[in-house]
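Asker: sequence unknown, structure follows:
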C-alpha cells in the first residue's frame, strides 16, 4: 500500500493557466511612457499657462505610473530564475528603476526622467541578451 | 525464512514494476482553472503516455511551446494538417491555441485517463461543458 500511495503522489504540476501570459514583453513599452514623462517635463518648463501646467503634471503622473506597471510586468513575468543567474543584480536593477519611476512621478526634474531612461536601457540590454527580442515579439521589433 | 525471502523478492519486483510503470503511467496535479469545471485546481490525474492517434475531446498534457519546462493540460479541440489545436474548456480563463497556435503531435506527450483525487471527484474526466463566456 505504501508503494501504491507513493505511486499516486503527483510527480509534477501541470498547468491549466488561469491568467493569460500572452508572452509579449518589451522594455520599449516602459521606455515610451518614460519618454513621455521627459517631454512633458520639458513642455511644462516652457509654458506658463496654469491650466496647461496642471495638465502636464496630471498626465506625467499617469505616464510614470504606467512605467512602473510595465517594468513590474517585465520583472515578474518575463524574467525567470535562470536570468537571475546571468544577472545577479537583476532584482536590484528593477527595484532602483521602479523607484526612479516614482521619483519621476513625484517631481518635475528632467534629469530624473533622463536617469530613468538610462535605467530602462540597462533593462533593455538584459532583455535583449536573454533572447527577448526573438522570443517575445511577434516579428521582432519594427525597424 | 524462505517465506520472508519470497516476500522481499515480490516486494522488490513490485517496486521495480512501479518504477518502470512510471514511464507509461504517471500522476500529476492540476494548477489553474482553464479546464473548469472538468478539472479544478488541485485535482490529481492519472495520465498515460500517449501512443497512437490524438482524438478530438481528449484531455492531454503538452509541452508549453513558449516554455518547454512547463507542461499544459488542455483538451484537444481539433486535429488539423497544421497540428493539434488545444483549448481550455473555460475559454475565458485559458491560454491556448488562440495564443500559441497549433502544436506538433510530438508535443502532446500524455493523455489523462482518470481523476483520482480529491475523493469526491474520482471518476472519468467529463466531456467539455459549454464554455461560459469565452
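Answerer: Structure's in. What do you need? Everything numeric here is computed off the predicted structure, so don't read it as measured data. Residues are numbered from 1 along each chain as shown, chains lettered A, B, ... in the order given.

Asker: what does chain B put close to chain A?
Answerer: Within chain B, the positions near chain A by CB under 8 Å from any CB of the partner chain are B:14-15, B:18, B:21-22, B:26-36, B:39, B:41, B:44-46, B:61, B:64, B:66, B:70-74, B:88, B:93-95, B:99-100, B:116-117. (Each C-beta comes from the backbone N, C-alpha and C, glycine too.)

Asker: what ranges does chain A have for its helices?
Answerer: Using DSSP state H, the helices of chain A run over A:2-8, A:28-45, A:50-73, A:81-86, A:90-106, A:110-129, A:132-136.

Asker: rewinding a little: now, of the residues of chain B next to chain A, which are buried?
Answerer: B:26-36, B:39, B:44-46, B:61, B:64, B:71-74, B:88, B:93-95, B:100, B:117 (16 or more other CB atoms under 10 Å in any protein chain shown).

Asker: could you give the number of residues near the spatially closest residue to residue A:108 that is not a sequence neighbour?
Answerer: Spatially, and ignoring its direct neighbours in sequence, residue A:108 is nearest to residue A:41 (5.4 Å; CB to CB, 6 or more residues apart in numbering or on different chains). Using other CB atoms under 10 Å in any protein chain shown, residue A:41 has 22 other residues around it.

Asker: go on, the one 10 residues further on?
Answerer: The number of residues packed near residue A:51 is 8, by other CB under 10 Å.

Asker: quick one: it from residue A:58, how far?
Answerer: 11 Å (CB to CB, to the nearest Å).

Asker: next one: residue A:5
Answerer: 62 Å.

Asker: helices of chain B, start to end?
Answerer: With DSSP H as the criterion, chain B has helices spanning B:2-21, B:97-100.

Asker: so which of the ones you listed is nearest residue A:25?
Answerer: Of all the helices of chain B, helix B:97-100 sits nearest to residue A:25, with 13.7 Å by CB to CB.

Asker: for that closest one, what is the average pLDDT?
Answerer: Averaging pLDDT along helix B:97-100 yields 63.

Asker: now swap in stretch A:127-134 and tell me
Answerer: For stretch A:127-134, the mean confidence score works out to 92.

Asker: buried residues in it, which are they?
Answerer: A:127, A:130, A:132.

Asker: same deal with stretch A:48-57?
Answerer: Within stretch A:48-57, judged by 16+ other CB under 10 Å, the buried ones are residue A:56.

Asker: quick one on the thing from earlier: hey, least reliable of the helices of chain B by pLDDT?
Answerer: helix B:97-100 (a mean of 63).
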